[in-house]
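Asks: Mind folding the following:
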Amino acid sequence: MAEVVLTGLGKAYADGTRAVTDLDLSITDGEFLVLVGPSGCGKTTALRMIAGLEAISEGTIHIGEAVVNDVAPRDRDVAMVFQSYALYPHLNVYDNIAFGLTLRKLRKQEIDERVRRVAKVLELHDHLDRKPRNLSGGQRQRVAMGRAMVRAPQVFLMDEPLSNLDAKLRVQMRAQIARMQRDLGVTTVYVTHDQTEAMTLGDRVAVMKSGVLQQVGPPQELYDRPVNLFVAGFIGSPGMNVVNGKLTLDAEDRLWVELNEDALLLPESVLHDKPALKGYVGRELVVGIRPEDMEDATLVDASEGCILHVVADLVEAMGSDVLVHFPVNAAPVVTDDTRALAADMGADDVLPVANGRSVLVGRFSPRTKVYEGQPVAVWVDTSRLHFFDPATGSSIWNQES
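Replies: The predicted structure follows:
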C-alpha cells in the first residue's frame, strides 16, 4: 500500500488541447478516492498518467516515496481495471486471474493460494473452471478485478469498471467493490461519470471540469457545501435546482429572496452560516434548492414565507417518493457552469425551462395527492437554500462580496 501524490500535474497534446491542468491531489495510504466529472473532463487522462499509460506534460507523480514520472508502467506496482473486461477468451477463470502471476514466474503453490483466496473474496470459487463466454457481465468484471487484486499491488486504478453493467448489477458490484476495498485496505483511485457511484463508494470525491479540479472532499461535504454552481449541479440526483433571485430586506429587517411574484423568507440561521450574504442585499444572486428540500405544503406545518404557488407540469411516481416538475416565474441561470451541466445531460442549451421560466423538481412524499396540470403549494426548507455569486458562480459563504 502507498500514498499517491499528484503535484502540478498537467497534460497537453500536440494540437494544444489541454486534458488536465495543474492538478494537485494527495490520496492517502488505504484511501478510496473517486474522480468524477462529465465526459472529457480529464479524469481518465489523470488516471492513465498515474498508471504510466499516458505521458505527462508537467508536474510530478509520487507513489509511496518514489517519483514515478519516468518509471515504466509495469514497474509502478499498480494494477488497473478497465471499462472493458479484457479477459482472455481461451482461458478459464482460474488462468485469467493467474495470468500476471504466471508471467512473473511465481511458484505454482503461491499462485494457487493467491488465486483461490481472491476467488473466495469475489465469490468466484465455484466458477474457476468456466470460460468467460459462460459468465455473466458481473462475473466477468469480477474476474477482471481478481486479476488486478491477485497481484497485491500498492495501488488499484479503476476506470469506469461498472459502466457496461445493467443498473441492478451496478448496485450489486458497487457494494462488492466497497467491501473488497475496505477489507484489503489498498489505496484506490476510481474514475466514474456516475455521481451516485462516486457518492456511495468514495472516502473522498474529486470533481473535475474541463481538466481542472473543482473540489475534493468527503461526499457529504460536496453535497452540503459545494464550492460553485458546477459542483452543486453535478452532485445530487436529481441535481440541484438553480434560479435567479434577488435578496431584499423588509421593514422588520428580515431577509427575503424574491423570485418575481414569489418570495422566500430566510431564517436567521442562514445569515449566521453565510455571513457574506449581507453584502448581497438589494442585489441579484443565484439561488439553489435541492429537490429533497421541497415538499407538498399540505403534508407539513408550513410557516410564513416558505411557500411557492405553482402548477405541476409533470409528476413521476417513484414508489418511495414522487418527483414533481413545475415552472416558476424566475429567469433561468445561464453561465458556463449551467451550460456544462446541460451538455452533460444531453441538452442543447441550459437546464430545463418552459416558456422562458425555470423548471424546478421537488422530491415529495409518496403520500402527496399532486396531479399534473393542477395548482400546488410547494413548501421550501429555506434554512437549506444555497446561494451563488452570479458573476463567478462561487458559493456565497464567508467570502468578501
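Asks: could you list every residue that touches residue 173?
Replies: Applying Cβ atoms under 8 Å, 6 or more residues apart in numbering to residue 173 gives the contacts 138, 141-142, 161-162, 165. Quick note: C-beta positions are derived from backbone N, CA and C, even for glycine.
Asks: actually residue 381, not the one I typed
Replies: Per Cβ under 8 Å, 6+ apart, neighbours of residue 381: 293-295, 306.
Asks: How about residue 191?
Replies: Each residue near residue 191 by Cβ under 8 Å, 6+ apart is listed here: 34-36, 43-44, 46-47, 158-160.
Asks: ok so it is a strand residue?
Replies: Yes - checked against DSSP: H, G, I helix; E, B strand; the rest coil, residue 191 lies within a strand.
Asks: those strands in the stretch 1-150 of the chain, which residues are they?
Replies: Ranges of strands within the stretch 1-150 of the chain are 4-12, 18-27, 32-36, 58-63, 66-67, 78-81, based on DSSP state E, counting those that start in this stretch.
Asks: so which of these gets nearest residue 259?
Replies: For the strands of the stretch 1-150 of the chain, proximity to residue 259 was assessed by Cβ to Cβ; strand 32-36 is nearest, at 30.5 Å.
Asks: elements contacting the closest one?
Replies: Counting contacts by 3 or more Cβ pairs under 8 Å, 6 or more residues apart in numbering; DSSP states H and E, strand 32-36 packs against helix 43-51, strand 187-192, helix 195-201, strand 204-209.
Asks: Let's see if you can find the most crowded of the contacts of residue 381.
Replies: Among those, the one with the most neighbours (other Cβ atoms under 10 Å) is residue 294, at 23 neighbours.
Asks: Relative to residue 49, how far out is that residue?
Replies: Going from residue 294 to residue 49 by Cβ to Cβ, to the nearest Å gives 42 Å.
Asks: ok, now residue 15?
Replies: In terms of Cβ to Cβ, residue 15 sits 18 Å off from residue 49.
Asks: Equivalent analysis for residue 270, please.
Replies: 42 Å.
Asks: who has more neighbours, the two?
Replies: Neighbour count, other Cβ under 10 Å: between residue 270 and residue 49, residue 49 has more, with 25 against 18.
Asks: where does the stretch 251-400 of the chain have low pLDDT?
Replies: Judged by pLDDT under 70, the stretch 251-400 of the chain has its weakly predicted residues at 346-356, 398-400.
Asks: What segments of it are helices?
Replies: Along the stretch 251-400 of the chain, the segments classed as helices by DSSP state H, counting those that start in this stretch run 268-273, 336-344.
Asks: for these, which one sits closest to residue 119?
Replies: helix 336-344 (37.9 Å).
Asks: Report the distance from the closest one to the chain centre.
Replies: Taking Cα atoms, centre = their mean, to the nearest Å, one finds the center of helix 336-344 at 15 Å from the center of the full chain.
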